[in-house]
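>>> have a look at this fold, sequence not included:
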């Protein structure tokens with residue numbers, strides 16, 4: 001797939017929150033909420049911090065080898081696992097829940113970004129070794145979010161009554177969705193390959209986390225991606241002291257609230273802590289643990305524990321305790337020798353709430369890197385947009401703004417009344433000069449007259465534009481078709497579309513193309529126009 005590449009500042013797209021654009025611009029207000037800048041110097045600083053923290057590398061690699069028993073191990077993965085045993089090897093990590101069929105396409109983008117960054121650092125800092133990691137949030141129980149995909153802007157929903165952690169759910173019923181996907185894409189050049197892959201991963205797996213593991217390994221193993229399933233007793237044993245502190249002292253909640261107090265003066269808060277930031281995880285249960293007087297109850301169940309019983313349960317079965325968003329990052333950074341976390345805008349925003357927790361438990365805080373974002377403009381849409389006369393940067397404007405710009409550009413009639421508005425303003429400013437020496441209080445009266453005079457002219461300008469737009473209905477519909485295709489549901493393409501249509505059309509060349517044009521440390525939005 002040959003394409004024209006355009007990199008834009010995230011700020012210019014209009015689709016990213018103020019906290020993210022401020023973070024990218026390194027606003028001083030946010031400096032206390034993260035540790036290292038996004039740069040080679042920041043990476044070196046993160047390496048130094050990580051070298052002071054002991055990671056149980058042998059346990060990590062032993063457990064990962066057990067997890068890879070379900071798929072076998074590609075030589076690139078095997079080599080990266082061997083490297084993880086060495087003290088000069090570090091991870092570049094991204095994370096996501098096991099959405100069926102990967103969910104929105106940004107799932108793929110963030111993994112490729114982690115891979116690209118690791119490869120980039122291996123070249124830039126050859127004294128060290130960097131390996132990409134995908135940390136699977138398989139304990140998440142939000143089936144409403146994870147059990148659906150969009151294909152051609154149409155929502156497909158997995159019909160299942162299962163409860164609890166989505167990663168532990170049986171994939172029964174997904175074969176019907178695969179048949180629906182086959183009907184859509186089997187005639188594409190790589191459609192048959194895609195359908196075989198989906199059937200092999202989902203129909204022949206015991207649960208969603210295994211299916212997701214197989215799928216990601218099939219797609220990304222040759223890049224050396226290491227996949228971590230944290231739903232693991234030996235991983236969680238390392239978190240027992242923190243989990244106890246959360247259950248019985250509520251320390252993480254207290255620390256997160258302090259950060260939120262600071263951030264909330266400027267920004268909307270992404271994640272709010274609870275007194276207890278752990279779920280109880282057993283069989284098909286993943287429910288919040290709530291303290292009620294002297295008892296600890298599992299929300300929505302009849303399960304309850306005394307303090308001593310809960311402490312014993314944690315000591316005996318740490319795998320039954322599942323961290324929420326406030327503790328998940330600390331868990332990840334405790335078991336991995338990690339330097340950088342590649343996350344979306346929402347993830348980056350809530351990580352900024354967590355630095356105080358990391359400082360308290362003396363766990364190195366990773367570099368926060370906003371994941372790559374792409375807009376893929378297929379050839380037919382590229383040509384249609386070119387006919388409007390706009391440049392690629394204009395594509396991020398709202399539809400009405402584009403139509404207005406087009407009408408102003410193409411109309412032969414005067415629609416802009418800036419000169420008339422300026423003349424009116426100047427006229428009343430002269431009246432102020434005349435009236436002020438006579439009675440200064442008359443200035444306010446003249447100002448009121450000016451407002452009454454200028455507003456109707458501004459309203460007339462809007463009416464002129466509205467009337468003229470009726471003559472450009474065909475152009476408006478043309479722009480609407482482009483915008484609705486490239487920005488489904490008035491949002492970014494990457495938050496709705498799935499990777500499968502592109503894979504069916506281009507196969508692994510699509511992934512190679514994304515990898516090739518994926519910025520590593522350069523935080524830019526990328527537009528890819530098919531040639």
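Sure thing, it's come through. For clarity, every value in this text was computed on a predicted model and none was experimentally measured.
>>> quick one: low-confidence ranges for the stretch 1-150 of the chain?
Counting by pLDDT under 70, the low-confidence segments of the stretch 1-150 of the chain come to 1.
>>> equivalent analysis for the stretch 351-500 of the chain, please.
The low-confidence ranges in the stretch 351-500 of the chain, as defined by pLDDT under 70, are 407, 409-417, 464-465, 467-473.
>>> confidence score at the residue positioned nearest the centre of the chain?
Centrality entry for the chain: nearest residue to the mean C-alpha point is residue 344, 2.6 Å, by C-alpha atoms, centre = their mean. The predicted local distance difference test score for residue 344 is 96.
>>> correct me if wrong: it contacts residue 104.
No - judged on C-beta atoms under 8 Å, residue 344 makes no contact with residue 104 at a distance of 9.8 Å. Where you see a C-beta, it was placed from the backbone N, CA and C, and this is true even at glycine.
>>> what's the first-to-last distance across stretch 279-297?
Between the opening and closing residues of stretch 279-297 we find a distance of 11 Å, counting by C-alpha to C-alpha, to the nearest Å.
>>> which element is residue 94 on?
Element membership for residue 94 (DSSP states H and E) is strand 89-96.
>>> helices and strands around that strand, which ones?
Helices and strands in packing contact with strand 89-96 are listed as helix 106-124, strand 129-136, helix 325-335, strand 338-343; criterion 3 or more C-beta pairs under 8 Å, 6 or more residues apart in numbering; DSSP states H and E.
>>> can you give me the offset of it from its chain's centre?
Using C-alpha atoms, centre = their mean, to the nearest Å, the mean C-alpha position of strand 89-96 is found 15 Å from that of the whole chain.
>>> now residue 276: how far from residue 231?
Noted for residue 276: a distance of 19 Å to residue 231, by C-beta to C-beta, to the nearest Å.
>>> and what of residue 317?
Noted for residue 317: a distance of 13 Å to residue 231, by C-beta to C-beta.
>>> and those two? Which one has more around it.
Neighbour count, other C-beta atoms under 10 Å: between residue 317 and residue 231, residue 231 has more, with 18 against 14.
>>> for the more buried one, helix, strand, or coil?
The local conformation at residue 231, judged by DSSP: H, G, I helix; E, B strand; the rest coil, is coil.
>>> go ahead and confirm it touches residue 207.
No - assessed by C-beta under 8 Å, residue 231 is found out of contact with residue 207, at 10.0 Å.
>>> pull up the overlap in contacts between the two.
Shared contacts of residue 231 and residue 207, defined by C-beta atoms under 8 Å, 6 or more residues apart in numbering, are found at 167, 168.
>>> report the longest helix in the chain, please.
Longest helix in the chain by number of residues (criterion: DSSP state H): helix 442-469.
>>> how far off centre is that helix?
On the basis of C-alpha atoms, centre = their mean, helix 442-469 is displaced by 44 Å from the centre of the chain it belongs to.
>>> what sits against residue 81?
Taking C-beta under 8 Å, 6+ apart as the definition of contact, the neighbours of residue 81 are 61, 64, 65, 73, 226.
>>> which residue is the nearest non-sequential neighbour of the third one?
With C-beta to C-beta, 6 or more residues apart in numbering as the criterion, residue 65 has its nearest non-adjacent residue at 6.8 Å, and that residue is residue 81.
>>> now do stretch 295-313, average pLDDT.
Mean pLDDT, taken over the full extent of stretch 295-313, equals 97.
>>> now do the buried residues in it.
Buried residues in stretch 295-313, defined by neighbour count with 16 or more other C-beta atoms under 10 Å: 296, 297, 298, 305, 310, 311, 313.
>>> the contacts of residue 81 in helices, which ones?
When DSSP H is applied, the contacts of residue 81 are split such that 61, 64, 65 fall in helices.
>>> residue 47 versus the first one, what's the distance?
By that I understand residue 61. Distance from residue 61 to residue 47, by C-beta to C-beta: 20 Å.
>>> repeat that for the second one.
Distance of residue 64 to residue 47, given as C-beta to C-beta: 22 Å.
>>> ok, the last one next?
For residue 65, the distance to residue 47 under the criterion C-beta to C-beta works out to 26 Å.
>>> show me which of those two is the more surrounded one.
Of the pair residue 65 and residue 47, residue 47 is the one with more neighbours under other C-beta under 10 Å, namely 20 against 12.
>>> and the residue nearest to residue 203 when sequence neighbours are not counted, which helix or strand is it part of?
The spatial neighbour of residue 203 that comes closest, neighbours along the chain excluded (C-beta to C-beta, 6+ apart), is residue 175 at 5.3 Å. When secondary structure is defined by DSSP H and E, residue 175 falls within helix 174-185.
>>> against which helices or strands is that helix packed?
Secondary elements touching helix 174-185 (3+ C-beta pairs under 8 Å, 6+ apart): strand 148-151, helix 191-198, helix 500-506.
>>> try 10 Å this time
Helices and strands touching helix 174-185, as assessed by 3 or more C-beta pairs under 10 Å, 6 or more residues apart in numbering; DSSP states H and E, comprise strand 148-151, strand 154-157, helix 191-198, helix 500-506.
>>> now that helix, how far from the chain's geometric center?
In terms of C-alpha atoms, centre = their mean, the gap separating the centre of helix 174-185 from the centre of its chain is 26 Å.
>>> helix 191-198 and that one, what's the angle between them?
Our comparison of helix 174-185 with helix 191-198, counting by axes from the mean of the first three to the mean of the last three C-alpha atoms, to 10 degrees, yields an angle of 170 degrees.
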